[in-house]
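J.: Sequence and predicted model, in that order:
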Amino acid sequence: MADIDLDTKLKLYMLILNRYRDVISKSEELSITEIRQRITPYSDFVKNLRDKLISDISSYDYEKDFFNAMQKCVDYIREIKNFEFLLTFWMSFEEMDKLKAADIMDQALLLTALLRSLGSETVKVHVTKTKRIYVGFDYKGEKMLINPASGSILRDDDVANVFQNDPLSYSFNDLSYETFEGE
């Protein structure tokens, strides 16, 4: 039997995915509590990745080293290619690390878990009314916002401008959930 070329294989896989999209999406649905649990800064994978990313920082100290360590985490997230799924599909952090590809929400969850593991209690995933996803936190009196899609970091007035033009819908981390829908 002759091998099927890659283009034909891709078309066949797309046919299968499209036919069973609803079934896959239904089995991949997570509650907000289940999504928040994915952010845990205490998982072995997150702790090991954090340690690898900040291996050149001796005796890590949150007050002194967080900003530098945060930038290393953002650089790592930049290495993960953005991929938009046509169906609901969650990737594990290990799968993202191995494939170096994931959707923006999965990237935001991983970045938030990493920053939580570095000691930030204010870091949260922020989702706007237009469904844009950011990771935001306060550090030394400054508001900071990271766009996991690009890795860009905004500060203070630029953060306020983002949310003035596209208000928050909800924010969360492993510790809390806030909705802004009635505001």
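T.: Great, that's in hand. This structure is a prediction, so every number in the text was calculated from the model and none was measured.
J.: right, and the helix or strand after the lowest-mean-pLDDT helix or strand in the chain?
T.: Least confident helix or strand of the chain, by mean pLDDT, DSSP states H and E, is helix 21-28 with a mean of 74. Of the helices and strands lying after helix 21-28 in sequence (DSSP states H and E), the nearest is helix 32-37.
J.: Can you show me the strands along this structure?
T.: Along the chain, counting by DSSP state E, strands occupy 81-82, 101-102, 124-128, 133-139, 142-147, 152-155, 168-172, 177-179.
J.: Now do the fifth one against strand 124-128, angle only.
T.: An angle of 70 degrees separates the directions of strand 142-147 and strand 124-128 when computed by axes from the mean of the first three to the mean of the last three CA atoms, to 10 degrees.
J.: circling back to that earlier point, how distant is the least confident helix or strand of the chain from the center of its chain?
T.: Its chain's average C-alpha position is 21 Å from that of helix 21-28, according to CA atoms, centre = their mean, to the nearest Å.
J.: The longest helix anywhere in the chain relative to strand 133-139, how many degrees between them?
T.: Longest helix in the chain, counting residues (DSSP state H): helix 62-78. Helix 62-78 and strand 133-139 meet at an angle of 170 degrees, taking the same axes, to 10 degrees as the criterion.
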